[in-house]
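Novice: sequence unavailable; structure follows:
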């Protein structure tokens, strides 16, 4: 018997669109580019030869169009893993649930998702302007811990090694990190030879969770130092951002393909930042459009 998704669990708007995104099933392409900033959707879509639809609700702006014969949807998520939870679940529903019967479709439709964003570099070899593809993501956000099957898709030995290194074991105030590998084929296709394949930490905030101290002291002033010095199987943690772990983890559980690529706009080791990165992010967008 097929699983039925009641109206309280899958909210469908009166026009047949999914609740938050306001996108209808027929408007979703199988290739999806995710960006945080709604203003960046237009930048990605400026490279399209044609557009089918433009939809906007809250921070979620969507354009579906065609780039060199490829049908692509570009969608803004806003900031944070909580928004990725909304976006990925609703995209999967659009692809794999029949909105008329509220039952799972017979044929699974796999999505390919690439998030394009900005990040902070954590190693000397990730200076401003570097492109990093998240081969592995570490979630400090806790999102995946709410889903069954989390242990089956996560790298549990690396999780234990990181917990021990950070000294978080037994500390009830610290998050329970999860470690998730992005889709290997997609990482190779997107990163190729001109991006650093890295380990990305996704945080539940921009300031304290990423070791930034303004007027409130940090619970662990040495947190970033510990993160930067962590080595697992010869690999270091390369960057901080706020979404890659949820995207990789939910996609793995749902059997979609996903990864995150970011441009480094601040190197936390050198304590340098570059806010004039607009042209460089367009270069990254064009690489992803060619490779997705």
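Specialist: In hand now; what should we look at? Please read all numbers here as calculations on a predicted model, not as lab measurements.

Novice: burial measure for residue 70, as a count.
Specialist: 15 (other Cβ atoms under 10 Å). Quick note: C-beta positions are derived from backbone N, CA and C, even for glycine.

Novice: from what I see, it and residue 288 are in contact.
Specialist: No - using Cβ atoms under 8 Å, residue 70 is not in contact with residue 288, being 11.3 Å away.

Novice: what's the overlap in contacts for these two?
Specialist: In terms of Cβ atoms under 8 Å, 6 or more residues apart in numbering, residue 70 and residue 288 are not both contacted by any residue.

Novice: so who does residue 38 touch?
Specialist: Neighbour list for residue 38: 56, 59, 60, 61, 76, 78 [criterion: Cβ under 8 Å, 6+ apart].

Novice: close enough to count as contact, the fourth one and residue 76?
Specialist: Yes - under the criterion of Cβ under 8 Å, residue 61 is in contact with residue 76, at a separation of 4.7 Å.

Novice: ramachandran angles for the nearest residue to residue 251 once chain neighbours are set aside?
Specialist: Excluding the flanking residues, the one nearest residue 251 by Cβ to Cβ, 6 or more residues apart in numbering is residue 258, at 3.7 Å. Main-chain dihedrals, residue 258, degrees, to the nearest 10: phi -160, psi 150.

Novice: so what's residue 258 bridging to?
Specialist: Beta-bridge partners for residue 258, by DSSP bridges, are residue 113.

Novice: pull the contacting residues for it.
Specialist: So residue 258 contacts 111, 112, 113, 114, 115, 182, 183, 186, 247, 248, 251, 252 (Cβ under 8 Å, 6+ apart).

Novice: ranking those by neighbours, who comes first?
Specialist: residue 248 (33 neighbours).

Novice: now do the helices in the stretch 151-292 of the chain.
Specialist: In the stretch 151-292 of the chain, the segments counted as helices under DSSP state H, counting those that start in this stretch are 156-166, 184-191, 223-229, 244-254, 278-291.

Novice: now those as JSON lines including mean pLDDT and distance to residue 123?
Specialist: Converted to JSON lines, the helices of the stretch 151-292 of the chain look like this (pLDDT from 0 to 100; distance: least, Cβ to Cβ, whole Å):
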{"stretch": "helix 156-166", "mean pLDDT": "95", "distance to residue 123": "16"}
{"stretch": "helix 184-191", "mean pLDDT": "97", "distance to residue 123": "16"}
{"stretch": "helix 223-229", "mean pLDDT": "94", "distance to residue 123": "7"}
{"stretch": "helix 244-254", "mean pLDDT": "98", "distance to residue 123": "16"}
{"stretch": "helix 278-291", "mean pLDDT": "93", "distance to residue 123": "19"}
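
Novice: out of the ones you listed, flag the one nearest residue 263.
Specialist: Smallest distance to residue 263 across the helices of the stretch 151-292 of the chain (Cβ to Cβ): 5.5 Å, for helix 278-291.

Novice: and the residue nearest the centre of this structure?
Specialist: Nearest residue to the geometric centre of the chain (Cα atoms, centre = their mean): residue 244, 3.2 Å.

Novice: is it true that that one touches residue 134?
Specialist: Yes - Residue 244 is in contact with residue 134 according to Cβ under 8 Å; the separation is 4.5 Å.
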